[in-house]
Every structure is written in structure tokens, then in C-alpha cells.
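# When you get a sec, could you give me coordinates for this:
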Amino acid sequence: PGLLQGYNKLDFSAVALVLILTFCLCHSTKESSILNLIMTAFHIVFFGFIIIMGFCNGSVENLVKPTGLTPNGIRGIAEKASYSMAFQRIGWKWAGNIVGAGASLGIVASLLVAMLGQARYLCVIGRARLVPSWLSKVHPSTGTPLNATLFLGLCTASIALFTDLDIVIEIISIGTLLVFYLVANALIYRKYVLTSKNPPFPTLSFLFLITSCAIGFSISWKLEQQWWGLPLFGGIIMVVTAFFQYTVPCLGPPSEWSVPFMPWPAAVSIFLNVFLMTTLKMLSFQRFAIWGLLITLFYVLYGVHSTFEAEEMGMEMAVNEVPNPSIQLTKLEV
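Next up is the predicted model:
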């Protein structure tokens with residue numbers, strides 16, 4: 001209210017929250033962890049409050065009457081604040097406010113942990129010279145990656161100010177699902193491919209078939225009349241996975257880690273990630289493609305050359321630190 005039309009959609013409260021959390025993370029990691037612990041403890045108390053109040057005001061008839069747990073269906077549940085609305089409808093407005101406060105604390109705690117981890121990731125990437133090295137500098141007194149935290153805080157605040165929440169959620173969803181999809185593919189490839197023993201062609205063919213069948217299953221799911229595609233593509237995925245398991249030898253569990261029942265967990269992960277990605281809007285894929293192109297260009301134009309120069313500098317420093325064997329020999333002779 002009070003702002004011109006269009007400007008009232010700017011989220012200044014989100015910007016203020018992000019900047020406050022950025023200041024906390026810059027000040028001290030220990031104190032930020034204590035703050036997160038306090039908010040998590042309050043969150044657990046709020047969960048207990050909801051459970052206890054639900055038992056006090058609930059009715060066994062809701063479990064046994066013919067209409068079931070959701071008489072109005074899933075769509076009948078209040079989307080914005082179902083628990084708060086439930087308490088308000090029985091006259092407990094104060095309880096609804098408490099639940100809303102607990103949900104808000106949960107959001108703040110999640111944002112704090114996410115910003116804490118992302119700043120550390122960016123600091124490590126800066127040490128590898130994939131991004132400018134000044135992002136890897138740690139403040140001598142606070143022991144925090146100050147530059148990385150400030151940079152991410154300002155970027156996050158800018159996105160929170162101008163961008164609609166639905167757009168951010170969909171882009172994050174695509175990125176997360178794509179990472180899980182790539183990790184599942186890499187897990188199978190590493191488990192079954194060794195150039196000297198197992199050629200990569202059978203494994204790559206298996207991964208291509210699983211992805212293709214998952215796309216076909218997802219398309220059939222969207223086209224409600226094409227129900228025959230669901231058992232067809234689902235059956236092909238199961239048959240191909242079983243055939244791959246018994247025909248392609250496994251290299252054995254590595255010494256550091258292992259996944260049981262391979263390749264089934266990774267195949268299920270590939271299927272689910274592809275299926276979930278197809279539920280997102282096409283416009284979200286276009287936005288993600290633009291960001292991916294920009295990041296790829298940055299890596300090609302800056303990251304590759306920077307890491308190569310850093311590696312050369314490291315090799316030169318290692319050579320300079322090697323003692324001269326002739327000098328050592330002279331000392332021994334003396």
C-alpha cells in the first residue's frame with residue numbers, strides 16, 4: 001500500500017530477511033549455528049503443539065465414517081495454511097497464529113542453513129579458481145568466507161526483490177532434479193564401466209533406454225487417453241533393467257562406498273527424476289536453458305583458463321620448493 005501500481009509487488013520484507021541472515025553469517029558461523037539450533041528447537045515444540053491440540057480437538061469419527069479423512073478430496077484442503085485455518089474454524093485464532101509463527105521460523109531456519117552451505121560451496125569453488133579467487137578469502141577474525149557470503153546475500157536479495165516465488169521454485173526444481181538425474185547416471189556408469197574390462201556401449205545404451213522409456217511414460221501420463229503407454233513403458237524399464245543386471249558384469253563395490261541392489265536404485269532414480277521434470281512448465285525449461293548457457297559461457301571463457309593458470313602456478317611453486325640435490329650432497333660431504 002502507498003506504492004505505485006506494479007511496485008507494490010516488490011518483496012522488501014524478503015530482502016530485509018536475507019540481509020539480516022547475511023549479516024549473521026558474516027559475523028560468526030558458531031553464533032549462526034546456535035541461532036539455527038534455537039529455531040529448530042522451537043520448530044519441534046510447534047510440531048508437538050499441533051499434534052497435542054489435534055488430539056484434543058479431533059474426533060474418531062473422522063477415521064471411520066464413510067467420507068474418510070478428506071471428505072472434500074485433496075482439492076478441498078486449504079492450500080495456503082491448512083493447519084492455521086483448522087484452528088481458526090474451531091475458534092482458536094491464537095493457536096492458528098502460533099502455528100503460523102512456527103511455519104515462519106521453519107522457513108527462516110531453512111534459508112539460514114541454505115545460505116550457510118552455499119557460501120562454503122562458493123568458497124571452495126573459488127579456491128579451485130572456477131570463479132574469481134577473491135570469493136575464497138576467509139576473514140581473519142571471524143573465520144567466515146566473508147566475500148562469498150556477501151556476494152550470495154546480495155544476489156539472493158536481488159532475486160527475492162524482483163522475482164515471483166513460483167518462477168524461483170520451478171527453476172530450483174529443475175536444477176535439483178537434473179543434478180539427481182546426472183548423479184544416478186554417473187553412479188551406474190562408474191559401477192559398470194571400465195575401459196579395460198567392460199566397454200561403455202552396453203551401459204550407455206541402457207541409460208539411453210531408461211531415459212527414453214521414462215519420457216514415454218511421462219507423455220502417456222499426461223495424455224490420459226493413452227493409458228496403454230503406462231504399462232508398456234513401465235514394463236520395458238523393468239525388463240531392460242533386469243536384463244542389464246544379469247548380462248553386464250559389475251565391477252564390484254569400491255573401497256569407499258557402495259550402493260546395494262544395483263542398478264535398481266539408480267534406475268528408479270532416473271525414472272522418477274525424468275517423470276518429475278516433465279511435470280514442470282516449458283517456460284521454466286527455457287529460463288533454465290538461458291541460465292545454463294550463461295554459466296557454460298562463463299566456464300569456457302573464464303573458468304577453464306583460470307584453473308589452468310592456477311595449476312601451472314602450483315607446479316612452479318612445487319618445483320621451486322624442491323631442494324637442490326647438489327647442495328645436499330655438498331653438505332653431506334662436508
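# any idea whether S196 is helix, strand or coil?
Here S196 is coil, with the state taken from DSSP: H, G, I helix; E, B strand; the rest coil.
# any idea how far it is from L251?
Counting by CB to CB, to the nearest Å, the separation of S196 from L251 is 11 Å. In this view, the C-beta of every residue, glycine as well, is placed from N, C-alpha and C.
# Those two: which is more packed in?
Applying other CB atoms under 10 Å to S196 and L251 shows that L251 carries more neighbours, namely 13 against 5.
# helix or strand for that one, which one?
Secondary structure from DSSP states H and E places L251 outside every helix and strand.
# The closest residue to it other than its chain neighbours: how many residues sit nearby?
What sits nearest to L251 in space, not counting adjacent residues and going by CB to CB, 6 or more residues apart in numbering, is L194, at 5.6 Å. Using other CB under 10 Å, L194 is surrounded by 12 other residues.
# L194 against P249, yeah?
No - look at L194 against P249 with CB atoms under 8 Å: they stay out of range, at 9.9 Å.
# Show me this structure divided up by domain.
7-71+81-163, 169-280, 285-324 (automatic domain parsing).
# Adding mean pLDDT as columns, could you present these in TSV?
Shown next, in TSV, are the domains of the chain (pLDDT from 0 to 100):
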stretch	mean pLDDT
domain 7-71+81-163	78
domain 169-280	85
domain 285-324	76
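# Mind listing what's buried along the lengthiest helix in the chain?
Identified as the longest helix of the chain according to DSSP state H is helix 93-127. Buried residues in helix 93-127, defined by neighbour count with 16 or more other CB atoms under 10 Å: 95-96, 98-99, 102, 105-106, 108-109, 111-112, 115-116, 118-119, 122-123, 126.
# Can you name the next helix or strand after that helix?
Counting by DSSP H and E, what follows helix 93-127 is helix 146-162.
# Return the set of buried residues in that following helix.
L146, N147, A148, T149, L150, F151, L152, G153, T156, A157, I159, A160.
# which residue is nearest the centroid of this protein?
T176 (4.5 Å; CA atoms, centre = their mean).
# I'd like the distance between that residue and M277.
In terms of CB to CB, T176 sits 10 Å off from M277.
# What is the nearest of the buried residues of helix 146-162 to W228?
I159 (43.4 Å; CB to CB).
# Looking at the nearest residue to the closest one once chain neighbours are set aside now. What's its pLDDT?
Closest residue to I159 apart from its sequence neighbours, by CB to CB, 6+ apart: V168 at 6.6 Å. At V168, the model reports a pLDDT of 81.
# so is V168 in a helix, a strand, or just coil?
helix.
# burial measure for it, as a count.
12.
# Tell me if I'm right that it and F162 touch.
No - contact criterion CB under 8 Å: V168 and F162 do not qualify, at 10.4 Å.
# is it true that P265 touches V259?
Yes - with contact defined as CB under 8 Å, P265 reaches V259; the gap is 5.8 Å.
# can you map out the strands along the stretch 201-334 of the chain?
Using DSSP state E, counting those that start in this stretch, no strands are found in the stretch 201-334 of the chain.
# Could you list every helix and strand in contact with the strand or helix carrying F47?
Following DSSP H and E, one finds F47 within helix 29-57. In terms of contacts (3 or more CB pairs under 8 Å, 6 or more residues apart in numbering; DSSP states H and E), helix 29-57 is packed against helix 12-27, helix 93-127.
# closest one to G48 among the ones you listed?
Judged by CB to CB, the one of the helices and strands packed on helix 29-57 that comes nearest to G48 is helix 93-127, at 10.2 Å.
# one step back: now, which of the buried residues of helix 146-162 sits nearest G234?
I159 (38.4 Å).
# Relative to K281, how far out is the closest one?
From I159 to K281 the distance is 18 Å (CB to CB).
# What distance do you get for W92 to F47?
17 Å.
# Of the two, give the one with the bigger neighbour count.
W92 (16 against 13).
# Correct me if wrong, but L178 is in a helix.
Yes - when three-state DSSP is applied, L178 is found to be in a helix.
# Alright, I will stop here.
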